[in-house]
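Trainee: what's the 3D shape of this:
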Amino acid sequence: MDIVGNGFLARHLKPLADRHPDTVVLAAGVSWASHTSDADFAREATLLREVAADCRATARRLLFFSTASTGMYGTANGPGHEDLTITPCTPYGTHKLAMESHLRTSGTDFLALRLGHLVGPGQPPHQLLPTLLRHLQQGTVAVHKGATRDLIDVDDVIAIVDHLLARGLTRQIVNVASGAAVPVDHIIDHLQQRTGLPATRSYIDVGGHHTISIDKLRTLVPEVAAMGFGPDYYRGVLDDFLTTAFTPATP
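Mentor: Numbering: from 1, shown residues only. Sure thing, here's the model as predicted:
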């Protein structure tokens, strides 16, 4: 595969570089769920149009990474699944849905993956886990009241990508997540338990709760049954994150 981009996800995709020669992966877009920059959104839209046109001309499939975040599914009634008619509730969600719409009408073979919150080595500092850990180390953390997040290990995402591409899927949108809506308070509890970091929590009443449906993913990739997805899956994800991201202070 050809990988466009050199960020967190692109780096983790490199072990698949010699596989799936019919696929171009666009891993260079906006990856910040709270992003609101029209200029950045416009740059990703331009890049997507260019890469999609090239894929169409060379008869290759385009793999695009969208989002299954609150911005996409936060107003959904019930679990967010791929066939819902949805109204995104953030600029980021609106932008990603527009990118999906362009692909649907572009004439390009594509696979669009709506991702949960990826966790793994080398995450950008603005993403959820590095931000929470940094705030815990500073002694105060602000929590969106009632907020949940679906955490998934980046290595599991790469394995799922490999399986999906090997099955030759095209013109599909698939949620790639663990299917567990974990309260952010529980995520912080686990981080504190493992690190021993004390911190004061403040609560902001702007949280959002939603569950990502992975029924379609389970059907397309039966191998996810062995990945341990469930209500406690996030604990192992956090433990793996801390092995590379946290160094205990020396006495």
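
Trainee: could you use CA atoms for every contact and neighbour count after this?
Mentor: Noted.

Trainee: not counting sequence-adjacent ones, nearest residue to residue 123?
Mentor: Once flanking residues are discounted, residue 123 sits nearest to residue 8: 5.9 Å by Cα to Cα, 6 or more residues apart in numbering.

Trainee: is it true that that neighbour touches residue 127?
Mentor: No: contact criterion Cα atoms under 8 Å: residue 8 and residue 127 do not qualify, at 10.8 Å.

Trainee: my guess is residue 201 contacts residue 142. True?
Mentor: Yes: using Cα under 8 Å, residue 201 is in contact with residue 142, at 5.7 Å.

Trainee: show the pLDDT at residue 168.
Mentor: Note for residue 168: predicted pLDDT of 94.

Trainee: helix, strand, or coil at it?
Mentor: Counting by DSSP: H, G, I helix; E, B strand; the rest coil, the backbone at residue 168 sits in coil.

Trainee: that's a strand at residue 46, yeah?
Mentor: No: counting by three-state DSSP, residue 46 falls outside a strand, being helix.

Trainee: returning to what we had before: okay, now the residue nearest to residue 123: neighbour count?
Mentor: Neighbour count of residue 8, defined by other Cα atoms under 10 Å: 19.

Trainee: pLDDT score for it?
Mentor: Predicted confidence (pLDDT) for residue 8: 94.

Trainee: quick check: phi and psi on it?
Mentor: Torsion angles at residue 8 (phi, psi; degrees, to the nearest 10) stand at phi -50, psi -50.

Trainee: show the contacting residues for it.
Mentor: 122-124 (Cα atoms under 8 Å, 6 or more residues apart in numbering).

Trainee: most neighbours among these, please name it.
Mentor: Busiest of the contacts of residue 8 [other Cα under 10 Å] is residue 123, holding 18 neighbours.

Trainee: what strand or helix carries that one?
Mentor: Under the criterion DSSP states H and E, no helix or strand holds residue 123.

Trainee: how about residue 66?
Mentor: Per DSSP H and E: strand 61-67 holds residue 66.

Trainee: okay, now residue 53: neighbour count?
Mentor: 16.

Trainee: go on, residue 159?
Mentor: Neighbour count of residue 159, defined by other Cα under 10 Å: 16.

Trainee: equivalent analysis for the one 10 residues further on, please.
Mentor: In terms of burial, residue 169 registers 15 neighbours under the definition other Cα under 10 Å.

Trainee: what packs against the worst-scoring helix or strand of the chain on mean pLDDT?
Mentor: One helix or strand of the chain scores below all others by mean pLDDT, DSSP states H and E: helix 70-73, with a mean of 90. When contacts are defined as 3 or more Cα pairs under 8 Å, 6 or more residues apart in numbering; DSSP states H and E, helix 70-73 packs onto helix 91-106.

Trainee: which of the residues in the helix it packs on are classified as buried?
Mentor: For helix 91-106, the neighbour count (16 or more other Cα atoms under 10 Å) marks 91-93, 95-97, 99-100, 102-104 as buried.

Trainee: could you do stretch 4-23 as well?
Mentor: Neighbour-count burial for stretch 4-23 [16+ other Cα under 10 Å]: 7-10, 12-13, 16, 23.

Trainee: just the ones of these in strands?
Mentor: Among these, the subset assigned to strands under DSSP state E consists of residue 23.

Trainee: redo the buried residues of stretch 4-23 as JSON lines? Include distance to residue 41.
Mentor: Listed next are the buried residues of stretch 4-23 as JSON lines, based on distance: Cα to Cα, whole Å:
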{"residue": "7", "distance to residue 41": "17"}
{"residue": "8", "distance to residue 41": "18"}
{"residue": "9", "distance to residue 41": "18"}
{"residue": "10", "distance to residue 41": "19"}
{"residue": "12", "distance to residue 41": "23"}
{"residue": "13", "distance to residue 41": "23"}
{"residue": "16", "distance to residue 41": "27"}
{"residue": "23", "distance to residue 41": "23"}
